[in-house]
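**Student:** Build me a structure from this.
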Amino acid sequence: MSKIVVFGTKTVIALLFVVTLIAQFLLVPLLAQEMAHEFPEVSYLQWPGIIGCVCVLLCGQVVLVCVWRLLSMVAKESIFSSTAFTIVNVAIAAIFVAAVLLIAALIVLQAVNALPAGVMIMLLTGALLGTGLGLLLIVMRGLLKKATLLDQDLAGVI
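**Tutor:** The predicted model follows:
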């Protein structure tokens, strides 16, 4: 893979990581405070909401770190190893945890009747995208497994 592509992708990952950090420490608490003012009857959900949002963003950060590590392995041409499978499995788990947290938030907010349409759409979209991305990574893990076996067979022939 081209060094320029790896560098560009790592730059985007670094920027996304910084954005998620800013969201965790600034944006999420501000939005939670705004929601507590808009729906004072469920202001007790402010802290659980902050914790849940931070956990979802943390799952995203885990995935970003996994992709960074996989890119480094690709650059070193060591992607066909058992370490790659562990990294992919961690990314899959983080994505599904985030999707479950988004679904849980949707259910809780709907149960207490504090679910604006925009928030509902974002939670549903996030959960569906997370589920789809997790399933896509499962397929990609299968392709990595086949490619690893072919690489091992080729190494045995040579």
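
**Student:** Report the buried residues of stretch 54-61.
**Tutor:** Buried positions in stretch 54-61, judged by neighbour count with 16 or more other C-beta atoms under 10 Å: 54, 56-61. All C-beta atoms are positioned from the backbone trio N, CA, C, and that covers glycine.

**Student:** So which residues of the protein form helices?
**Tutor:** 3-22, 28-38, 46-75, 82-111, 117-157 (DSSP state H).

**Student:** Flag the shaky bits of this structure, pLDDT-wise.
**Tutor:** Scanning the chain with the threshold set as pLDDT under 70 gives 1.

**Student:** Nearest residue to the middle of it?
**Tutor:** G60 (3.1 Å; C-alpha atoms, centre = their mean).

**Student:** wait, doesn't that one sit right on V97?
**Tutor:** No: with contact defined as C-beta atoms under 8 Å, G60 does not reach V97; the gap is 10.4 Å.

**Student:** gap between the residue nearest to the centre of the chain and I103?
**Tutor:** Using C-beta to C-beta, to the nearest Å, G60 is found at 16 Å from I103.

**Student:** What of T9?
**Tutor:** Applying C-beta to C-beta to T9 and I103 gives a distance of 30 Å.

**Student:** ok, now L21?
**Tutor:** 25 Å.

**Student:** Equivalent analysis for C55, please.
**Tutor:** Distance from C55 to I103, by C-beta to C-beta: 13 Å.

**Student:** Thank you kindly, that will do.
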